[in-house]
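Colleague: Sharing a model that was predicted from the sequence below.
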Amino acid sequence: MDRRRVVEADLLIEGGRIAAIGPRLRRPAGAELIDCRGRAVLPGLVQAHVHLCQVLFRNQADGLPLLDWLRRRIWPLEAAHDARSLRFSARLGIAELLLGGTTAVLDMGTVHHTEELFLAAEESGLRYTGGKALMDRGERVPRALREDAETALAEARELGRRWHGAAEGRLRHALCPRFVLSCGEPLLREVAALASREGWIVHSHASEHPEETAVVRRLLGEDNAAYYHRLGIRGPHVVLAHCVHLTRREMGLLASAGTHAVHCPGANLKLGSGVAPLPELRRRRVNLAIGGDGAPCNNTLDVFREMRLAATLHLPRFGPTSVRPAEVLEMATIGGARALGLAREIGSLVPGKRADVVVVDLRAPHLSPRGDDLHATLVYGARASDVTDVFVDGRRLVAAGELRTLDAQGLARDAHAEAKRVARRAGLA
Ligand SMILES: [Zn+2]
């Protein structure tokens, strides 16, 4: 089933794992039965680049290019977060993600209160890998977000010790240097060393916007991904978001090192950043994952929209068959699992793997009539709201469209007032 087969079968979950897949399985005594006729059962969807800390800033930063978006809105707002608003933001984001079928994320936090992100992930049941944003320099970075490298890394080490492997392995720690423009070289070298010592993922942004790429080239005489590669930030434990403006040489470096790229088409369009060379990266066998990025630069974390964009955006340039729906679904499942270093545990429906499973209702008018290609039906037409049931580690977190672990409606109701409080503290309201 790593080969993206579609089968009509029962799926048995036992002890948090997929126990069996096959026609008419025998139901063990006491097992709960969920009738999925008319629905599709998929591996849990993975978003390998999100910012739960920014979800509360949705609809508060429209119409700006990347660097202005950061300097004028996002950094001041992140700097104004307290523990309570950060926890709220994470819960709101997780509610959206789980209800829409995303079961695992790679998340970049902000600088402070990072434990709130882990706590929210812990209580919600989401499979979470993340860490604090590391920032020790940068033009117009607010003082509250700038730390010296030693302080930043000491806290990251502490977070790793406390959270990596928590909740029976569901929570994991990542080192998150924000991007080249906010990190000095000694910090980045230490990140590379620490990651290989501790076995933590390194997650960063690279070559997202032409202005950012031009500034990096002017300051360092080198491009983002090439610079990271030279400093040792490369390999199967490194996940770079965006990769829109890569040189050919950089694509070769990602491929040869096994560094992962996360395609974020929604955010790349909305910030006017550009279009990543997806078919070319695929041709070079760079592993690709999908991510919604930040709620204020997308403005949705609906992975189905992201899949539709990935499956259609590149066709005018590369041709109508250059990106197949099944390949996009692969990016959002096993591709994301590989980026997270979890391909043996999640990302496909295989007996023995953890039961991260999503059920999608196919009976809505907008999905009818069904074609022969279920992958195409899902990628071109399905929506987050078509998800009915979501399991992580075999635990039913969403049941018949209702999130069991968080008060989704209450979070949506209170979000405006909570966002206003942060904006006032930031001097933006
Ligand atoms: Zn991002």
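Modeller: Looks like it arrived, so ask away. Just so we're clear, the structure is a prediction, and the values are computed from it rather than from any experiment.
Colleague: And for the nearest residue to residue 33 once chain neighbours are set aside, the neighbour number?
Modeller: Leaving aside its sequence neighbours, residue 33 sits nearest to residue 27 (CB to CB, 6 or more residues apart in numbering; 6.2 Å). To be clear about C-beta, it is placed using only N, CA and C from the backbone, and glycine gets the same treatment. Using other CB atoms under 10 Å, the number of residues around residue 27 comes to 11.
Colleague: Tell me both backbone torsions, phi and psi, for residue 27.
Modeller: Residue 27 adopts backbone torsions of phi -90, psi 120, taken as degrees, to the nearest 10.
Colleague: Settle this for me: it is touching residue 35, isn't it.
Modeller: No: assessed by CB atoms under 8 Å, residue 27 is found out of contact with residue 35, at 11.8 Å.
Colleague: Going by contacts, tell me the helices and strands next to whichever helix or strand residue 327 is part of.
Modeller: Here residue 327 sits within helix 325-330, counting by DSSP states H and E. Packing partners of helix 325-330 (3 or more CB pairs under 8 Å, 6 or more residues apart in numbering; DSSP states H and E): helix 303-312, helix 374-376.
Colleague: Buried residues, the longest one. List them.
Modeller: If you call a residue buried by 16 or more other CB atoms under 10 Å, then helix 303-312 has these buried ones: 303-312.
Colleague: For it, give the mean pLDDT please.
Modeller: Helix 303-312 carries an average pLDDT of 98.
Colleague: circling back: could I get the helices and strands packed on helix 325-330 in TSV, plus columns for distance to residue 178?
Modeller: Shown next, in TSV, are the helices and strands packed on helix 325-330 (distance: least, CB to CB, whole Å):
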stretch	distance to residue 178
helix 303-312	22
helix 374-376	35
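Colleague: so which of these gets nearest residue 226?
Modeller: Among the helices and strands packed on helix 325-330, helix 303-312 comes nearest to residue 226, with 24.9 Å by CB to CB.
Colleague: So which residues of the stretch 251-400 of the chain form strands?
Modeller: With strands called from DSSP state E, counting those that start in this stretch, the stretch 251-400 of the chain shows them at 260-263, 288-290, 357-361, 387-392, 395-399.
Colleague: what's the closest of those strands to residue 325?
Modeller: Comparing the strands of the stretch 251-400 of the chain by CB to CB, strand 288-290 comes nearest, at 12.8 Å.
Colleague: could you say what helices and strands that closest one packs with?
Modeller: strand 45-50, strand 260-263, helix 278-283, helix 303-312, helix 336-339.
Colleague: That strand pairs with which strands, and in what direction?
Modeller: strand 260-263 (parallel) (DSSP bridges).
Colleague: got the contact list for the strand it pairs with?
Modeller: 48-49, 106, 236, 238-243, 254, 276, 278, 281, 286-291, 310, 331, 338-339 (CB atoms under 8 Å, 6 or more residues apart in numbering).
Colleague: Check stretch 179-194 too.
Modeller: By CB under 8 Å, 6+ apart, stretch 179-194 touches 133-139, 141, 149, 152-153, 156-157, 175, 177, 200, 202, 204-206, 208, 212, 215-216, 219-220, 224, 227-228, 231-233.
Colleague: Filter the residues you listed down to the buried ones, ChimeraX style.
Modeller: In ChimeraX, the members of the contacts of stretch 179-194 classed as buried (16+ other CB under 10 Å) are selected with the following command:
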select :133,134,135,136,138,141,149,152,153,156,157,175,177,200,202,204,205,206,208,212,216,224,227,228,231,232,233
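Colleague: Restricted to helices, list the contacts of stretch 179-194.
Modeller: Judged by DSSP state H, helices contain the following of these: 149, 152-153, 156-157, 212, 215-216, 219-220, 224, 227-228, 231.
Colleague: Going by distance to residue 129, which of those residues wins?
Modeller: residue 156 (13.5 Å).
Colleague: Show me the shaky parts of the stretch 101-250 of the chain.
Modeller: In the predicted model of the stretch 101-250 of the chain, no residue satisfies pLDDT under 70.
Colleague: before we move on, the earlier item: could I get the strands of the stretch 251-400 of the chain as a markdown table with mean pLDDT?
Modeller: Listed next are the strands of the stretch 251-400 of the chain as a markdown table, based on pLDDT from 0 to 100:
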| stretch | mean pLDDT |
| --- | --- |
| strand 260-263 | 98 |
| strand 288-290 | 98 |
| strand 357-361 | 98 |
| strand 387-392 | 98 |
| strand 395-399 | 98 |
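Colleague: So which of those strands is nearest residue 7?
Modeller: strand 357-361 (14.2 Å).
Colleague: which residues are contacting that closest one?
Modeller: 11, 13, 18, 34, 36, 38-45, 101, 103, 349, 378, 382, 386-391.
Colleague: change it to 6 Å
Modeller: Applying CB atoms under 6 Å, 6 or more residues apart in numbering, the contact partners of strand 357-361 are 36, 39-42, 44, 101, 382, 386-391.
Colleague: need those in JSON lines with neighbour count and distance to residue 73, can you?
Modeller: As requested, the contacts of strand 357-361 are arranged in JSON lines below (neighbours: other CB atoms under 10 Å; distance: CB to CB, whole Å):
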{"residue": "36", "neighbour count": "16", "distance to residue 73": "43"}
{"residue": "39", "neighbour count": "18", "distance to residue 73": "40"}
{"residue": "40", "neighbour count": "19", "distance to residue 73": "38"}
{"residue": "41", "neighbour count": "18", "distance to residue 73": "40"}
{"residue": "42", "neighbour count": "23", "distance to residue 73": "35"}
{"residue": "44", "neighbour count": "28", "distance to residue 73": "32"}
{"residue": "101", "neighbour count": "28", "distance to residue 73": "29"}
{"residue": "382", "neighbour count": "25", "distance to residue 73": "32"}
{"residue": "386", "neighbour count": "22", "distance to residue 73": "32"}
{"residue": "387", "neighbour count": "25", "distance to residue 73": "30"}
{"residue": "388", "neighbour count": "19", "distance to residue 73": "36"}
{"residue": "389", "neighbour count": "21", "distance to residue 73": "36"}
{"residue": "390", "neighbour count": "28", "distance to residue 73": "32"}
{"residue": "391", "neighbour count": "25", "distance to residue 73": "36"}
